[in-house]
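How does the following fold in three dimensions:
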Amino acid sequence: QTRLAASGGGLVQAGGSLRLSCSAAGRTLSAYARGWFRQAPGKEREFVARISGSGDQTDYADSVKGRFTISRDNAKNTVYLQMNSLKPEDTAVYYCAQGLTPTIPTMWDGSWGQGTQVTVSS
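Alright, predicted model coming up:
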């Protein structure tokens, strides 16, 4: 099973930017889709963005479209989430997910791994 670890979170003021990284270890599927999800306190985990294995397909939640950009470097087996124009409602723990197919949409393998906290102050 793939072990994923998200990093790059922190405290930022509204309007600021952060770049999250998702590294993978173990039985990695570097050419498969990856995604980002987030979970705010008291809320269910929600979809943020996803990217195909080749990187030529991306998809975003409406709430982040135009502000967040997902990308990947398969040579480094790493997926990124560039977050600009951050809002207080973006505050959450962010997780990356491993897809089970090279294309999107895809099913996720359920190994959420270590998340990273993003806090946006108003």
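
so how far is residue 92 from the nearest residue in space to residue 68 that is not next to it in sequence?
Distances taken as Cβ to Cβ, 6 or more residues apart in numbering put residue 83 closest to residue 68, at 5.1 Å, once the chain neighbours are dropped. For the C-beta atoms, the positions are set from N, CA and C on the backbone; glycine is no exception. Distance of residue 83 to residue 92, given as Cβ to Cβ, to the nearest Å: 11 Å.

Same question for residue 17.
16 Å.

the more surrounded of those two?
residue 92 (22 against 11; other Cβ atoms under 10 Å).

OK, contacts around that one?
38, 39, 40, 43, 117, 118 (Cβ atoms under 8 Å, 6 or more residues apart in numbering).

List phi and psi for it.
Phi and psi for residue 92, reported as degrees, to the nearest 10, are phi -180, psi 170.

Equivalent analysis for the one 5 residues further on, please.
Note on residue 97: backbone dihedrals following degrees, to the nearest 10 are phi -130, psi 150.

Show me where the protein dips below the pLDDT cut-off.
Applying pLDDT under 70 to the chain picks out residues 1-2, 26-30.

list the helices and strands the biggest strand by length in the chain packs on?
In the chain, taking DSSP state E as the definition, the longest strand is strand 18-26. Secondary-structure packing of strand 18-26 (3 or more Cβ pairs under 8 Å, 6 or more residues apart in numbering; DSSP states H and E): strand 2-7, strand 34-39, strand 78-83, strand 92-98, strand 116-121.

Which neighbours in the sheet does the third one have, and how are they oriented?
What it means is strand 78-83. strand 18-26 (antiparallel), strand 68-73 (antiparallel) (DSSP bridges).
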